[in-house]
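Student: after the sequence you'll find the predicted model.
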Amino acid sequence: MEMKLEVVVIPVGDVDRAKNFYAGLGWRPDGDFVVDEGFRVVQFTPPGSLCSVIFGTGVTSAAPGSAQGLYLVVTDIDAARTELRDRGAEVSEVFHDVSGVFDRAGTAGRVPGPDPERRSYLSFASFTDPDGNGWVLQEITERFPGR
């Protein structure tokens, strides 16, 4: 049976501020549903993604900004950085991990610049939303076999 990840909940402190941020990135607004004073759900989808994010009031008990390691896969990390920066996000410089394997939590092991061999999966950049939820851009130019 197929199981598709379609929605990720991100905890925010100010729903309207988050809504303005994600709209400013050019993400598609899918809905803003106010059920009552204590329950509001806002949904956005990044360009080209089949998975959306939701945030709001009464959606999660997680602390605002506690979602980390939210990956956005791009085919051109430099172009993605430029677009996000032009839309107001503070995006890190491109980096790769000292291990040459995968980006680790936090900033430990980050080496400036893309993967020296420009291998797919191994060049990254990062940014946060206004609450501190952490996003990582990962450049994938060629998928591993079977993916």
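Tutor: Sure thing, it's come through.
Student: what's around residue 39, how many residues?
Tutor: Neighbour count for residue 39, taken as other CB atoms under 10 Å: 12. Backbone N, C-alpha and C define where each C-beta goes, glycine included.
Student: separation between it and residue 137?
Tutor: Noted for residue 39: a distance of 32 Å to residue 137, by CB to CB, to the nearest Å.
Student: and if you look at residue 38?
Tutor: Distance from residue 38 to residue 137, by CB to CB: 34 Å.
Student: more crowded one of those two?
Tutor: The neighbour count for residue 38 versus residue 137, taken as other CB under 10 Å, is higher for residue 137 (22 against 7).
Student: direction included, what does the helix or strand where the more buried one lies pair up with?
Tutor: For residue 137, the host element (DSSP states H and E) is strand 134-139. Strand 134-139 sits in its sheet next to strand 70-74 (parallel), strand 123-128 (antiparallel), going by DSSP bridges.
Student: what separation do you get for the residue lying closest to residue 49 once chain neighbours are set aside and residue 39?
Tutor: Distance criterion CB to CB, 6 or more residues apart in numbering; nearest residue to residue 49, sequence neighbours excluded, is residue 72 at 7.8 Å. Distance of residue 72 to residue 39, computed by CB to CB: 28 Å.
Student: measure the closest residue to residue 4 other than its chain neighbours to residue 59 for me?
Tutor: In space, and not counting its chain neighbours, residue 4 is closest to residue 50: 7.1 Å by CB to CB, 6+ apart. Taking CB to CB as the measure, residue 50 falls 20 Å from residue 59.
Student: who's more crowded, the two?
Tutor: residue 59 (17 against 9).
Student: check contacts around that one.
Tutor: Residue 59 makes contact with 9, 11, 39, 40, 41, according to CB atoms under 8 Å, 6 or more residues apart in numbering.
Student: so where do the strands sit in the protein?
Tutor: Using DSSP state E, the strands of the chain run over 7-9, 28-36, 39-45, 52-57, 70-74, 95-97, 110-112, 123-128, 134-139.
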